[in-house]
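> Please find the sequence and the predicted model below.
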There are 2 protein chains.
Amino acid sequence: MPRQSLDMVNEALAGERLALARLLTMVENDTSEGRAALDYLYPHTGKAHLVGITGSPGTGKSSLVNQLVKSFRSMGVEKVAVIAVDPSSSFTGGALLGDRVRMRDLSGDSGVFIRSMASRGALGGISRTTVSVAQVLDAVGYDIILIETVGAGQAEVEIARLAHTVVVVEAPGMGDEIQAMKAGILESADILVVNKCDLPGAERTARALKAMVEMTHPARPGQEAEKALWSAPILLACSTDCQGVDEITRAICAHYVFIKSSREWQRRDYERMKNNLDLLLRDLLFQRFIQRVGNERYQQVLELLTDRKLSPFEALERLLNEG
Amino acid sequence: MPRQSLDMVNEALAGERLALARLLTMVENDTSEGRAALDYLYPHTGKAHLVGITGSPGTGKSSLVNQLVKSFRSMGVEKVAVIAVDPSSSFTGGALLGDRVRMRDLSGDSGVFIRSMASRGALGGISRTTVSVAQVLDAVGYDIILIETVGAGQAEVEIARLAHTVVVVEAPGMGDEIQAMKAGILESADILVVNKCDLPGAERTARALKAMVEMTHPARPGQEAEKALWSAPILLACSTDCQGVDEITRAICAHYVFIKSSREWQRRDYERMKNNLDLLLRDLLFQRFIQRVGNERYQQVLELLTDRKLSPFEALERLLNEG
């Protein structure tokens, strides 16, 4: 690693926020210096509690995350980080509208670090770069890392792959919709929150979720034993007046204790590492293959494909025979 | 292709619904017969108009899709198909709760075909299998294929990769949220719908979306010329009493005419094919690599990784040196 990068890494380890921000940019851009820094930092990882927080737009998720950060800080957690992932944006590292509002709210607190990320267009979506950014924050000593992402469906699945604890945020009324009731979303959730509980229908949404959770409960293969011990609580909250926020914080802590005392922490770590390594391998194998075949030849085959002169599988075979 | 598969394909081409359903299952399962069938059908593709419809849960998207199907049929479109993708579910091919409701509504119409798909856990999310299923429906003569998926963020990005026309559905109130206002989601939309316009705040949401669309407008590199000619309309609708549905149908038709008369149709076809071929290549290269290295060795390296004895990039390098 170049001397300059090493200095930056050591400054970040010593708690320098500017060095940390620059380091994260290097890692996000996946430069060779970024990779070297991650190699260097990697033995320091494995301590942080990664908490994924997801939910549709309109559920008030971002302000809830703010309140959770304050709640963790006030109960004595030394260092809390937030990674806000926007899978619809290609802007990165900068201050998006929502983050500027948030940053103003939390900016006075040196125990809090907030990072915005974009993942638009990334294969594997939010996973690969988010894992690397979380590893850096873990290595430099953040105890709890809240990974927030917008989305329903795919986002829950992906965040479940990279977090120890998954919090799914709903809002009243949404639980009534058939789509939102599909078992898949609930399967990933360790904690369910009905936010905006001052709105009408909150209790009804909570009851509907409860019925769904009970229905889908023992259906996860390979981890029945653990799952049987943790039943996802359904909590009501109103983040604008802080109602119910401390209950969520406590549920997150309870889930931490639960997964630490079962094999679940190791299992989730393993899943995250495997997923991350698979994505790295896929990217690299693909890049090397295109280099071998040549980009020009690749474009030719693509043209035959769009002209319907080759089917996708015929195109695949032709390329593989040449690469 | 085995005789049995060929019969099935020919029956599907002749309009047999049961044969079509069985063919789609083969294609979804990515069997060698399924691939052979796609090879055979591929020259017949390229005619259907692929319309992606996405939106958060709670926006009433599914019932809107139903109304759109009826609207297209009543204006004389002969064959309309719906692919309902659930990225949070691992159930596939079957009748999910929402689809059973829907099927009852449309089951009397032989010009309509509905297919439910799950994509939980799939790398590249909804893309690869959905493209194949759409190709089959295209080849057997469906004129319009509505591809519906739940989700905010990543889902819009992915559906933009595989559709000619992208319809993003919002509901009143949601547009007020900072997250929903992020430019990324709007960038993918060719048509914006504020559904449930009987609820308070619909006009305000429409105005907020309009302001955002105007702000983000000329910012798409590589296609400024086309984009300048199509400005995404923002339409109010209430799918429960069919209000505004025909306006959406007409806007979809107008967008069809627009992209057919510009280079946009070809560009989107090319993007979809490229994305699909890339995913196929990545899958196959990865499978072959793991075969060469051996699954046991791969597990050993993964263990070194989770024990923090190797960093992700060191693990990658070690595997590549062996594979």
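Great, that's in hand.
> alpha carbons only for contacts and neighbour counts from here, please
Fine.
> Pull out the buried positions in the single longest helix found in chain A.
When chain A is parsed with DSSP state H, its longest helix is helix A:264-293. For helix A:264-293, the neighbour count (16 or more other CA atoms under 10 Å in any protein chain shown) marks A:264-265, A:268-279, A:281-282, A:284-286, A:289-290 as buried.
> Of those residues, which are in range of chain B?
With the criterion set as CA under 8 Å from any CA of the partner chain, the members of the buried residues of helix A:264-293 near chain B are A:269-270, A:273-274, A:276-277, A:281-282, A:285-286.
> Any chance of a markdown table for those residues, columns pLDDT?
Putting those into a markdown table (pLDDT from 0 to 100) gives the following:
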| residue | pLDDT |
| --- | --- |
| A:Asp269 | 91 |
| A:Tyr270 | 91 |
| A:Met273 | 91 |
| A:Lys274 | 91 |
| A:Asn276 | 88 |
| A:Leu277 | 92 |
| A:Leu281 | 92 |
| A:Arg282 | 90 |
| A:Leu285 | 94 |
| A:Phe286 | 94 |
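> Which parts of chain A are strands?
Assigned strands in chain A, in chain order: A:49-55, A:80-86, A:112-118, A:144-150, A:165-170, A:191-194, A:234-236 (criterion: DSSP state E).
> How far away from the center of its chain is the last one?
The chain centroid and the centroid of strand A:234-236 are separated by 21 Å under CA atoms, centre = their mean, to the nearest Å.
> Can you list the strands that that strand pairs with?
strand A:191-194 (parallel) (DSSP bridges).
> got it, and the third one?
According to DSSP bridges, strand A:112-118 forms sheet pairs with strand A:80-86 (parallel).
> Enumerate the positions of the partner strand that are buried.
For strand A:80-86, a neighbour-count test (16+ other CA under 10 Å) marks A:80-86 as buried.
> cool, stretch A:30-44 as well?
A:33-39, A:41-44.
> So which helix or strand of chain A has the lowest pLDDT on average?
helix A:224-229 (a mean of 55; mean pLDDT, DSSP states H and E).
> all helices for chain A, in order.
A:3-13, A:17-28, A:32-41, A:61-74, A:97-106, A:127-139, A:154-162, A:183-188, A:202-216, A:224-229, A:245-261, A:264-293, A:295-306, A:312-322.
> now those helices as JSON lines including distance to B:Asp105?
Below are those laid out as JSON lines (distance: least, CA to CA, whole Å):
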{"stretch": "helix A:3-13", "distance to B:Asp105": "60"}
{"stretch": "helix A:17-28", "distance to B:Asp105": "48"}
{"stretch": "helix A:32-41", "distance to B:Asp105": "54"}
{"stretch": "helix A:61-74", "distance to B:Asp105": "35"}
{"stretch": "helix A:97-106", "distance to B:Asp105": "41"}
{"stretch": "helix A:127-139", "distance to B:Asp105": "39"}
{"stretch": "helix A:154-162", "distance to B:Asp105": "28"}
{"stretch": "helix A:183-188", "distance to B:Asp105": "23"}
{"stretch": "helix A:202-216", "distance to B:Asp105": "24"}
{"stretch": "helix A:224-229", "distance to B:Asp105": "38"}
{"stretch": "helix A:245-261", "distance to B:Asp105": "41"}
{"stretch": "helix A:264-293", "distance to B:Asp105": "41"}
{"stretch": "helix A:295-306", "distance to B:Asp105": "37"}
{"stretch": "helix A:312-322", "distance to B:Asp105": "35"}
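> close enough to count as contact, A:Val77 and A:Gly141?
No - A:Val77 is not in contact with A:Gly141 according to CA atoms under 8 Å; the separation is 11.4 Å.
> Neighbour count: those two, which is higher?
For A:Val77 versus A:Gly141, neighbours defined as other CA atoms under 10 Å in any protein chain shown are more numerous around A:Gly141 (20 against 15).
> From chain B, how far out is the more buried one?
Using CA to the nearest CA, to the nearest Å, A:Gly141 is found at 16 Å from chain B.
> got a pLDDT number for that residue?
A:Gly141 carries a pLDDT value of 96.
> try A:Arg220
Among the per-residue scores, A:Arg220 shows a pLDDT of 49.
> what does A:Pro172 give?
83.
> Turn the strands of chain A into JSON lines, including distance to A:Leu137.
JSON lines is the format used below for the strands of chain A (distance: least, CA to CA, whole Å):
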{"stretch": "strand A:49-55", "distance to A:Leu137": "10"}
{"stretch": "strand A:80-86", "distance to A:Leu137": "7"}
{"stretch": "strand A:112-118", "distance to A:Leu137": "9"}
{"stretch": "strand A:144-150", "distance to A:Leu137": "8"}
{"stretch": "strand A:165-170", "distance to A:Leu137": "17"}
{"stretch": "strand A:191-194", "distance to A:Leu137": "23"}
{"stretch": "strand A:234-236", "distance to A:Leu137": "28"}
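> Of all the ones you listed, which one comes closest to A:Glu303?
Set against A:Glu303 and scored by CA to CA, these come closest in strand A:112-118, at 31.0 Å.
> Run the chain-centre distance for that closest one.
On CA atoms, centre = their mean, the centre of strand A:112-118 falls 12 Å from the chain's centre.
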